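Engineer: What would the 3D arrangement of this be:
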Amino acid sequence: MASSLPQVLRQSCLKYADKDAMIMADRDGTIRRTTYKELWMIVRGYAAALSQLGLKRGDRICILSENCPEWTQADFGAQTLGIIVVPIYPTLPADQAQYIARDCGARFAFCNGEKQVAKLEAVEALVVMPLLGSGSLYELAQDARIEDDAWNKGIDAIDPEDVATIIYTSGTTGLPKGAMLPHRCFDWIVKAVANVIPFRESDVFLSFLPISHVYERVNGQFLPIGLGITIAYVRNMASVSSDFQTLRPTVMLTVPRFLESMQDRILDGVRKQPPMRRRIFAWGLEQGRRKFTGRPAPFFPLTDKLVGSKIRERLGGRFRFFVSGGAALPAHVAEFYGAFGLIILQGYGLTETSSGCVVNTYDAPKYWTVGKVLPGMECRLADDGEILLRGQAVMLGYHNLPEETAEALDSEGWFHSGDIGVWEGDYLKITDRKKDILVLGNGKNVAPQPIETKLKVSPYIEEAVVLGDGMEYCIALVVPNATAIRAHLHIGEEISLSESSQVRALLKAEIDKVNKTLANFEYVKKFALLPRSLSIDEGELTPSMKVKRKVVKEKYANLVAEIRGE
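Structural biologist: Purely as a prediction, here's the structure:
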């Protein structure tokens, strides 16, 4: 029988009482530790504070904060009372944050920092409190008390089918929708993932992705806690490199964009080395790639000692593997890390399926796929290739949206993902988004994501957005990789990359290489360079770093028209 989320927490806190549940490094390198026994007491304090505020079972609260242990501790405190937790991305603008708070009917919102508090102050009938600091929920939790027997009876009364959280989709098109996820989803995740990935009790998860996203909250918080594993929190995005050294993690949930960025930093550092060291690195990369892809690599033991071991040491020296999700993992990125003995397990899931329900196995990963369907879930492909999912991880429906729920969940319980896929044996491969398919003026259908992935293999292309709906051919809006291009062409900061004919010629050559691998009707025949990176703040990326194709197309409508000669 399935358990509720607080029952899973209680079991872990009893079983792993003296083990570290959460750690975080201070600026001076001192590591703050919270054992599982201490975690249970902290969660009880949050539950007492929330109860003291008058919150009760079925009420909804929002948490709007950057990552910190207190985020998850408050989350668990609410779960033990049967309160529904609604996360809000800290990067969302005020209007979107207010929409979520109103739509879910939240009574309280707990925000970290004056900037976040200000976003929700205009929401009527919503009490906004700091999560940390003076007058905060954290402060209230230090002295609040709750009677143990009544608290535990309340936990036992929570039904696994009760809604634990409402998580709003990123919304690449239209307004976000609140997926209602019951407790049983998270109990299933803990059991199912543990069956296919050999986690160890000594593992340390490095937490840096937003806890407000389903991927990190479920797989980076609920999963390790359910398995008695330690969560190590980075202080901020700027401290990730030093946190690797201080906290020495073994596992990290990540997204391809971060892996590509880290790869670029490594390669940029190599470019600054003397010629001999550059040659040794290139040799090590070549031998490592050969071994990783199953080809003869006679010098790998030597090159791994000279190069690979140094790369692994930068990650703390104990690192085992990454789990990548949120977007397609480019093959060249997987091969780069694999060359140095750093495995990336690509997985797949959506907010509506409680995050990952398909994942590569540690023993037999196929990095160009998203892996195998986890036990307890079913997956089939519709006639048009759309991925349909059914089972323990699927949501109950969208909050207050019966028509959208009926569209997403059919009468047989299949969730229609909107993603297009193909099978490679029992491994699933994602090929595109159903709604992203471009229909050219000549009637040809083009899947843009595979083309964009190929373009981003170039070290000189940071981002590419392929367009073509109603056009005679495909075009691309390209964000140049400034660091790599300036180093390659020896041009300074005073030169605008988007206006440089030299840069344009370089990128045209890169696009021409990709075109040779495409069908004629898929060719990117024209392109334009964007003056800056796409961003969440500008509304061009979702909080999970997916490109909002429609927004980008509308924002750069004049540039698109110029490319087409209109």
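
Engineer: what about Trp368, distance to Glu424?
Structural biologist: 8 Å (Cβ to Cβ, to the nearest Å). (C-beta placed from N, C-alpha, C; glycine too.)

Engineer: the more surrounded of the two?
Structural biologist: Trp368 (16 against 11; other Cβ atoms under 10 Å).

Engineer: which residues touch the more buried one?
Structural biologist: 331, 334, 429 (Cβ atoms under 8 Å, 6 or more residues apart in numbering).

Engineer: Can you check these and name whichever has the most neighbours?
Structural biologist: Going by other Cβ under 10 Å, Ala334 tops the contacts of Trp368 with 25 neighbours.

Engineer: Now do the residue nearest to it when sequence neighbours are not counted, the pLDDT please.
Structural biologist: In space, and not counting its chain neighbours, Ala334 is closest to Tyr367: 3.8 Å by Cβ to Cβ, 6 or more residues apart in numbering. pLDDT for Tyr367: 94.

Engineer: Surely Tyr367 touches Asn360?
Structural biologist: Yes: at 7.1 Å, Tyr367 counts as touching Asn360 under the criterion of Cβ atoms under 8 Å.

Engineer: Looking at the two, which has the bigger crowd around it?
Structural biologist: Counted by other Cβ under 10 Å, Tyr367 and Asn360 do not tie: Asn360 has more neighbours, with 28 against 22.

Engineer: Where does the prediction get shaky in the stretch 201-350 of the chain?
Structural biologist: Scanning the stretch 201-350 of the chain for pLDDT under 70 picks out nothing.

Engineer: swap the cut-off to 90 and go again
Structural biologist: 201, 236-239, 255-257, 260-261, 264, 268, 326-331 (pLDDT under 90).

Engineer: Ok, the stretch 401-550 of the chain next?
Structural biologist: Checking the stretch 401-550 of the chain against pLDDT under 90 turns up 431-450, 453, 457, 468-473, 483, 487, 490-500, 518-522, 531, 534-550.

Engineer: Could you tell me which residues touch both of Tyr367 and Asn360?
Structural biologist: Gln346.

Engineer: Between the two ends of stretch 25-36, how far is it?
Structural biologist: 18 Å (Cα to Cα, to the nearest Å).

Engineer: Mind checking the pLDDT average for that stretch?
Structural biologist: The model assigns stretch 25-36 a mean pLDDT of 91.

Engineer: List the buried residues of that stretch.
Structural biologist: Residues 25, 34-36 are the ones in stretch 25-36 that count as buried (16 or more other Cβ atoms under 10 Å).

Engineer: and which of those residues is nearest Arg102?
Structural biologist: Within the buried residues of stretch 25-36, the smallest distance to Arg102 is 34.3 Å, found for Thr34 (Cβ to Cβ).

Engineer: And that closest one, how close does it get to Gly77?
Structural biologist: Distance from Thr34 to Gly77, by Cβ to Cβ: 14 Å.

Engineer: Over to Val524?
Structural biologist: 51 Å.

Engineer: With Glu352 instead?
Structural biologist: For Glu352, the distance to Gly77 - Cβ to Cβ - is 26 Å.
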